[in-house]
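J.: Just to be clear, the model below is a prediction. Sequence and coordinates:
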There are 2 protein chains.
Amino acid sequence: MSTVSLLSIVESCDKVPYNETEYFSQQKIARFLVNEVTIGYVDEVALLEMEKYIATVCERSFRVSKQFVTFHPEVKTFEARSEVIMDLLKYWKEKGVFSCLTGWRNEFYPVYGDSKQPGNIAFRVERAGASIFGFRTFGAHLNGYVRTETGLKMWIGRRSLKKPTWPGLLDNIVAGGVSYGQSPDETIVRECDEEANIPSDITVNIKAAGAITYFDLTERGLAPETQYVYDLELPQDFVPKPNDGEVDCFYLWDLAEVRQHIGAGEFKPNCALVIIDFMIRHGHITSSDEPDFLEILDRIHRRFELPGPKGC
Amino acid sequence: MSTVSLLSIVESCDKVPYNETEYFSQQKIARFLVNEVTIGYVDEVALLEMEKYIATVCERSFRVSKQFVTFHPEVKTFEARSEVIMDLLKYWKEKGVFSCLTGWRNEFYPVYGDSKQPGNIAFRVERAGASIFGFRTFGAHLNGYVRTETGLKMWIGRRSLKKPTWPGLLDNIVAGGVSYGQSPDETIVRECDEEANIPSDITVNIKAAGAITYFDLTERGLAPETQYVYDLELPQDFVPKPNDGEVDCFYLWDLAEVRQHIGAGEFKPNCALVIIDFMIRHGHITSSDEPDFLEILDRIHRRFELPGPKGC
């Protein structure tokens, strides 16, 4: 089994170079602004498609220059912004412009504006389209572990081969995107039921444990991602069951086994990061055994200039 | 009891603005380079004093310009760099140039160079002088807590009124600087004995739990600080005892009390940050009750351009 460093696993999620301004300029990436606050990043390909849309379909939707994308001055409210983004995405989906839109979810993500305002959601966007505009997205991941006489073990899921993203790779016991209108806490409890059949008398023991952030580059665009992390100590006799067809099976592994599978690149990368964060918080990855300890901590707490939720 | 936000406590440690390049330029702060890698920041006052020292005492020590400080080209080894820094600090101490040097420690801190090299310590520096040059410094802090029927309680120290720094303020049960030649793990165990009389049959249960970083501005200079954090669940009948005169007394408080004292500004600020990190990791500060949740996580994991240890 070949093994790569934990830092290289982190780097496979945190891909955007740290000299961001220079990088955006070189790559001709425009900033998406709302009220002069940057809320996303639009690459050259998407920018060109937006220009075409404005010229041929709907003039009063967006304004686009080489450096900036904004809504048309008449598009000023939550509802209006959500509508023009939706119209654009539907048009692109119909025309087959971006392949990511074939995975249309009928699920909305919130996009946050000026973080000085409480309840600062600027608009909402179809989940499948968020990364075309480089909007911040939020998820919730659960570390499900069991305390045994020989140490901690962790439940690990195997993603279904039918999933459109990362089929067949290893995953946290439960994880999901935080949709518009849901809190991270609500998301993780809902996913516990949907993905692993964990009943409510067990989910009451879920503990919030922070969040990780990283700036990914996908084939669909830039992805500044935040994953809220949760821990759940499970009873020794509890066995999770796949419930919604998204998971093929679950394994119960000790942490050394989990680490081997991480090193072998068998995990969906951001799920590996959630486990690396767990292992750091629980003293299983330390400064004395991991040469990249501080660098890993740094890279899984990437700073974004984009606003996030001010209260959930 | 007046209460301020947790974010404002974090901001009282993480003071250097995030547009660092602009800030350094405005404030006329020079970068301290070793082999073209930035390892520290020298403000205008210290820069002037270095110029005087080079002109009047020792020409073959440093080279100084408005933007950069380096060692003289003949000063190329760990030993030579350590010696010229020590000579400069001793001279400043004798002449009474910087008041921070009256707190001379006879204790060395490592200063790291190019992080691509393992064992990358470029030189060592007297602890009291580190922030004059804005070098990265490292500490180790312990959260000592007790599990009770009504929830977690935490042991909190009251710093001696005789301490030169932060006299009389509240503190973690145990904390100390990571000296040259010691690992963070060794530091925390040593301090457990020195500061709180915690015996080795209890310290074996210490768990590493990550690190926090923040970029402080002190009256002595810039302070890019890293604190390795550790948790120790203490037996209910254990009572820490001040051992070396640095702590006046210890309190055992539930987490709500600890939080009140944090909000009232009674803690040495970086110790409050260690506890905020603890409360986040243990689910006592969450995204649903803390509006600045993600911003706090971001600010206690500040990224530094300066190299750190590559293995300890």
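T.: Nice, I can see it. All figures in this text were calculated on a predicted structure; none of them were measured in a lab. Residues are numbered from 1 along each chain as shown, chains lettered A, B, ... in the order given.
J.: Tell me where the stretch 51-200 of chain A has strands.
T.: For the stretch 51-200 of chain A, the strands defined by DSSP state E, counting those that start in this stretch cover A:62-64, A:68-71, A:108-112, A:121-126, A:137-148, A:151-159, A:170-172, A:174-177.
J.: and the ones you listed, which is most packed in?
T.: With neighbours defined as mean count of other CB atoms under 10 Å in any protein chain shown, the strands of the stretch 51-200 of chain A peak in mean count at strand A:170-172, which reaches a mean of 25. Placement of C-beta: from N, CA and C, glycine included.
J.: State the mean pLDDT of that strand.
T.: Averaging pLDDT along strand A:170-172 yields 98.
J.: what packs against it?
T.: For strand A:170-172, the packing partners by 3 or more CB pairs under 8 Å, 6 or more residues apart in numbering or on different chains; DSSP states H and E come out as strand A:137-148, strand A:151-159, helix A:269-281.
J.: mind putting those in a markdown table, mean pLDDT and distance to B:L306 included?
T.: Output for those, formatted as a markdown table (pLDDT from 0 to 100; distance: least, CB to CB, whole Å):
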| stretch | mean pLDDT | distance to B:L306 |
| --- | --- | --- |
| strand A:137-148 | 98 | 31 |
| strand A:151-159 | 97 | 34 |
| helix A:269-281 | 98 | 21 |
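J.: of these, which approaches chain B most closely?
T.: With CB to the nearest CB as the criterion, chain B lies closest to helix A:269-281 of the helices and strands packed on strand A:170-172, at 4.9 Å.
J.: near chain B, anything from that closest one?
T.: Yes: Helix A:269-281 reaches chain B (CB under 8 Å from any CB of the partner chain) through A:I280, A:R281.
J.: what's the angle from that helix to strand A:151-159?
T.: Orientation check (axes from the mean of the first three to the mean of the last three CA atoms, to 10 degrees): helix A:269-281 against strand A:151-159 gives 170 degrees.
J.: Check which element follows helix A:269-281 along the chain.
T.: helix A:293-299 (DSSP states H and E).
J.: can you list contacts of that next one?
T.: A:6-7, A:10-11, A:14, A:214, A:276, A:280, A:285-287, A:290, B:115, B:210-211, B:213, B:226, B:301, B:303-304, B:308-309, B:312 (CB atoms under 8 Å, 6 or more residues apart in numbering or on different chains).
J.: And for the closest residue to chain B within the stretch 101-250 of chain A, nearest residue in space, chain neighbours not counted?
T.: At 3.6 Å from chain B, A:K207 is the closest residue in the stretch 101-250 of chain A, using CB to the nearest CB. Sequence neighbours aside, B:G283 is the residue nearest to A:K207 in space, at 3.6 Å (criterion: CB to CB, 6 or more residues apart in numbering or on different chains).
J.: Near chain B, which residues of chain A? Just list them.
T.: A:18, A:115, A:118, A:183-185, A:207-211, A:213, A:226, A:228, A:231, A:280-283, A:286-288, A:291-295, A:297-298, A:301, A:303, A:308-312.
J.: out of these, which are buried?
T.: A:115, A:183-185, A:208-211, A:213, A:226, A:228, A:231, A:280-282, A:286-287, A:291-295, A:297-298, A:301, A:303, A:308-310, A:312 (16 or more other CB atoms under 10 Å in any protein chain shown).
J.: Would you enumerate the residues in contact with the residue of the stretch 101-250 of chain A closest to chain B?
T.: A:K207 touches A:Y230, A:D231, A:L232, B:H282, B:G283, counting by CB under 8 Å, 6+ apart.
J.: Farthest-apart pair in those residues, please.
T.: A:L232 and B:H282 (13.6 Å; CB to CB).
J.: Adding distance to B:V34 as columns, could you present the helices and strands packed on strand A:170-172 in a markdown table?
T.: Shown next, in a markdown table, are the helices and strands packed on strand A:170-172 (distance: least, CB to CB, whole Å):
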| stretch | distance to B:V34 |
| --- | --- |
| strand A:137-148 | 40 |
| strand A:151-159 | 41 |
| helix A:269-281 | 29 |
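J.: contacting residues for the closest residue to A:L152 other than its chain neighbours?
T.: Computed as CB to CB, 6+ apart, the closest residue to A:L152 that is not its neighbour in sequence is A:Y145, at 5.1 Å. Listed by CB under 8 Å, 6+ apart, the contact partners of A:Y145 are A:L152, A:K153, A:M154, A:W155, A:D231, A:L232, A:E233, A:L234, A:F278.
J.: so the fourth one touches A:V146, yeah?
T.: Yes: between A:W155 and A:V146 a contact is recorded at 7.3 Å, counting by CB atoms under 8 Å.
J.: Spell out which residues are contacts of both of these two.
T.: Here A:W155 and A:V146 share the contacting residues A:L234, A:L252, scored by CB under 8 Å, 6+ apart.
J.: I'd assumed A:N205 was in a helix, is it?
T.: No: checked against DSSP: H, G, I helix; E, B strand; the rest coil, A:N205 lies outside a helix; its state is coil.
J.: quick one: pLDDT of it?
T.: A:N205 is given a pLDDT of 98.
J.: Secondary structure element for A:D216, which one?
T.: A:D216 belongs to strand A:207-218, assigned by DSSP H and E.
J.: Please parse chain A into its domains.
T.: Chain A breaks down into these domains under the TED database: A:6-14+A:137-300, A:20-133.
J.: chain center to the shortest one: distance?
T.: Chain-centre distance of domain A:20-133: 18 Å, with CA atoms, centre = their mean, to the nearest Å.
J.: what number of residues lie near A:Y251?
T.: 15 (other CB atoms under 10 Å in any protein chain shown).
J.: Now do the contacts for the nearest residue to it once chain neighbours are set aside.
T.: Using CB to CB, 6+ apart and skipping the chain neighbours, the partner closest in space to A:Y251 is A:I156 (4.8 Å). By CB under 8 Å, 6+ apart, A:I156 lies in contact with A:L170, A:D171, A:N172, A:I173, A:F250, A:Y251, A:L252, A:W253, A:V258, A:H261.
J.: which residues does A:I156 bridge with?
T.: Beta-bridge partners recorded for A:I156 (DSSP bridges): A:N172, A:Y251.
J.: got a pLDDT number for the residue nearest to A:K207?
T.: 98.
J.: got a list of what it touches?
T.: A:K207, A:A208, A:A209, A:D231.
J.: one step back: highest mean neighbour count out of the domains of chain A?
T.: domain A:6-14+A:137-300 (a mean of 19).
J.: Between the two ends of that domain, what distance do you get?
T.: Terminal residues of domain A:6-14+A:137-300 lie 11 Å apart, using CA to CA, to the nearest Å.
J.: Tell me the gap between it and the middle of its chain.
T.: Centroid separation between domain A:6-14+A:137-300 and its chain, computed with CA atoms, centre = their mean, is 12 Å.
J.: wait, doesn't A:V64 sit right on A:A30?
T.: Yes: counting by CB under 8 Å, A:V64 touches A:A30, with 7.4 Å between them.
J.: shared neighbours, the two?
T.: A:L47.
J.: Span of stretch A:284-292 from start to end?
T.: Its start and end residues considered, stretch A:284-292 measures 14 Å (CA to CA).
J.: Thanks a lot, see you next time.
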